[in-house]
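*Asks:* Give me a 3D structure for the following:
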Amino acid sequence: MNNSQSAAVLGAGTAIVDLLVRVDDEFLARELPDGRGNTTWVEAARLDELIRHLHECGFKLEKAPGGSTGNLLCGLSELGCETRFLGWLGLDDDGVYYRDTFAESGGNIHSFKYHPSKHTGRCLSLVSPDADRSMVTDLGASAEMRADEIHSSDLEGVSLLHTEGYLCGLNDRAFLPSLIEQAKNAGIPVSFDLASYGIVRKYRDDIRDYLSKYVDIVFANELEAAEFAGTNDPESMLDALAKLCPVAAVKLGALGSLVRMDSRTVRVAPESANPVDATGAGDLWQAGFLFGWLHHTAPEICGRIGSILGAAAVSHFGARLPEDRWRELRERIRTMI
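*Replies:* You can find the predicted model right below:
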């Protein structure tokens, strides 16, 4: 598996620096009474306040490149795919850090855009004792992604566009529909991550329209799928998504996943794991699935690769795995393609 033999994947998403911290339930109850397990959108001042409280309470923060699409692209890069990131950074140290770490993972940095005055986005990822994570996000420059700054060169040579529901809430509401329509008109398949149940709740009608018109592959976890479908039955969740897209996957955590592909429903068993932190686990699951899909494997194999990467992520603190772990994963996945 190497870049010269792999498809080019363009990811469009929020380029965000993660600030990871293990916290206790008391801190979560006090600071996020309504937002546990979800993404809460805040202004920079509120995020700074939370960070200050964490320091005062003696919690240790770790910095890492993040964002759903960024995590997915880095996973695909590690597996040997050519990847590009269409995202907005600030002209600040965090922007340099994000760009350089993406390049170090093997990604192409030429589709990054830079906002002249906004800072690079940040996400405080609060990891609870049960390994769940609650995210508090200040989008910064990412909120300023604009449709008129999408260039034809961004889509040139692309075999798949992956994007995320977080882009529904941009200041320029035309960005996401414009991008996926351009991709569809160019014959480029589109995969879409529903992102969070809060996003689905707020933008359900828009998302339904995008899925029915432009999206080929849709991903959702059980909370997002339940919010979208209005039911807690996994099969019914999958049906609601599969009616709109040729390929649909619902991630069910420790219960595995359900996939509808080639008009078949496949239940994928979970990979065993010792949960440490769920940050990025769903993103790497999707990276594994897409890697299998790009190599024209059966839905069982796509889902299996997803489960392998998702389990590796949940067993590690943070979304970025060390190189020795990636070496093991590449060897294992190579036998499946």
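
*Asks:* How many neighbouring residues does residue 101 have?
*Replies:* Counted with other CB atoms under 10 Å, the neighbours of residue 101 add up to 16. Any C-beta I mention is one placed from the backbone N, CA and C, and that applies to glycine too.

*Asks:* Look at it and report its pLDDT.
*Replies:* On pLDDT, residue 101 comes in at 95.

*Asks:* pretty sure it contacts residue 67?
*Replies:* No - assessed by CB atoms under 8 Å, residue 101 is found out of contact with residue 67, at 11.7 Å.

*Asks:* Return the distance of the residue nearest the centre of the chain relative to residue 182.
*Replies:* By CA atoms, centre = their mean, the chain has its centre lying nearest to residue 68, at 2.4 Å. Distance, residue 68 to residue 182, by CB to CB, to the nearest Å: 21 Å.

*Asks:* From the chain's centroid, how far away is the worst-scoring helix or strand of the chain on mean pLDDT?
*Replies:* Taking mean pLDDT, DSSP states H and E as the measure, the chain has strand 39-41 as its least confident helix or strand, at a mean of 82. Between the centre of strand 39-41 and the centre of its chain there are 15 Å (CA atoms, centre = their mean, to the nearest Å).

*Asks:* Same check on stretch 161-171?
*Replies:* With CA atoms, centre = their mean, you get 10 Å for stretch 161-171.

*Asks:* Just the endpoints, please. Distance across that stretch?
*Replies:* Terminal residues of stretch 161-171 lie 21 Å apart, using CA to CA, to the nearest Å.

*Asks:* before we move on, what about stretch 131-143?
*Replies:* Stretch 131-143 end-to-end distance (CA to CA) = 29 Å.

*Asks:* Averaged pLDDT, that stretch. What do you get?
*Replies:* 90.

*Asks:* Tell me the first helix or strand C-terminal of the least confident helix or strand of the chain.
*Replies:* Beyond strand 39-41 on the C-terminal side, the first helix or strand identified by DSSP states H and E is helix 44-56.

*Asks:* Distance from that following helix to the middle of the chain?
*Replies:* Worked out by CA atoms, centre = their mean, helix 44-56 lies 25 Å from the chain centre.

*Asks:* quick one: pLDDT of the residue at the greatest distance from the centre of the chain?
*Replies:* Using CA atoms, centre = their mean, the residue of the chain lying farthest from its centre is residue 56. It sits 30.8 Å away. Note on residue 56: pLDDT of 94.

*Asks:* So it versus residue 123, what's the distance?
*Replies:* Taking CB to CB, one finds residue 56 at 20 Å from residue 123.

*Asks:* re the thing from before, walk me through which strands the least confident helix or strand of the chain pairs with, and which way each runs.
*Replies:* strand 133-138 (parallel) (DSSP bridges).

*Asks:* Check the offset of the next helix-or-strand element following the partner strand from the chain's centre.
*Replies:* Note on strand 133-138: by DSSP H and E, the next helix or strand toward the C-terminus is helix 152-155. Put simply, helix 152-155 sits 21 Å off its chain's centre (CA atoms, centre = their mean).
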